[in-house]
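Trainee: output the structure for:
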Amino acid sequence: MILEKPAKTIASYRVTGPYATTVKQGFDVLIPWAKQLNLQDADWLTLFLDNPNTTDPQTCRAEPSVSVSKDFQLPDNSAGIRLQTLPAGTYAAYHITIGDGNFAKAWTDFFTLHLANSGYRPDGRVCYEHYLNDGSLTGVFEVVLYQSVEKIAVIR
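Mentor: Predicted coordinates:
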């Protein structure tokens, strides 16, 4: 599905290393911080800054994040957490249930089966996961994968 998304302010904690382990480590820092600020009902996301197929997994960067209001100010107990804005724009979206922990396969399916046939391509800005539930308790995650995109020009 292709859709337009508004800008969103988020608080993020950057981690570096293999996504399968570091994303959880980032949330281990971010979740207690967010609970202290009563943000647990906000949107939970992870931004991915590197392609693990072309970047050494040890240097892959991700940013587990929680949405905040536009006027949110970081309190003093925010070491390592920074505010940023997800850009508004056109995104490809893919809603999936992940029950086996294989987020990498979900991304591969998104890019190869859905995005490849959409008439759009990644525009190099941002890709992220939006978690619709807390799958850490059951191992089943409802997730929407987002990739900012641009329309592929038709050559005649």
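Trainee: contacts, neighbours, all on C-alpha from now
Mentor: OK.
Trainee: okay, now the sheet partners of the host helix or strand of T46, with direction.
Mentor: T46 belongs to strand 44-48 when elements are defined using DSSP states H and E. Note on strand 44-48: by DSSP bridges, its sheet partners are strand 61-67 (antiparallel), strand 120-131 (antiparallel).
Trainee: quick one: the strands in the chain?
Mentor: Listed in chain order, the strands of the chain (DSSP state E) span 2-5, 8-13, 15-16, 44-48, 61-67, 81-86, 89-98, 120-131, 141-151.
Trainee: those strands: which one's closest to W33?
Mentor: strand 81-86 (9.3 Å; CA to CA).
Trainee: so how many other residues sit close to L39?
Mentor: Residues near L39, counting by other CA atoms under 10 Å, number 16.
Trainee: chain center to the strand holding T46: distance?
Mentor: Computed by CA atoms, centre = their mean, to the nearest Å, the chain-centroid distance of strand 44-48 equals 2 Å.
Trainee: what residue is smack in the middle of the protein?
Mentor: Taking CA atoms, centre = their mean, the centroid of the chain lies closest to Y128, which sits 2.4 Å from it.
Trainee: pLDDT below threshold where in this structure?
Mentor: By pLDDT under 70, the chain has no low-scoring segment.
Trainee: now the strands paired with strand 44-48 as JSON lines including distance to D43?
Mentor: Shown next, in JSON lines, are the strands paired with strand 44-48 (distance: least, CA to CA, whole Å):
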{"stretch": "strand 61-67", "distance to D43": "5"}
{"stretch": "strand 120-131", "distance to D43": "7"}
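Trainee: could you say which of those strands is packed most deeply?
Mentor: strand 61-67 (a mean of 25; mean count of other CA atoms under 10 Å).
Trainee: circling back: identify the bridge partners of the nearest residue to the residue nearest to the centre of the chain once chain neighbours are set aside.
Mentor: Residue nearest to Y128 in three dimensions, not counting chain neighbours: L47, with 4.3 Å by CA to CA, 6 or more residues apart in numbering. L47 has these beta-bridge partners by DSSP bridges: E63, Y128.
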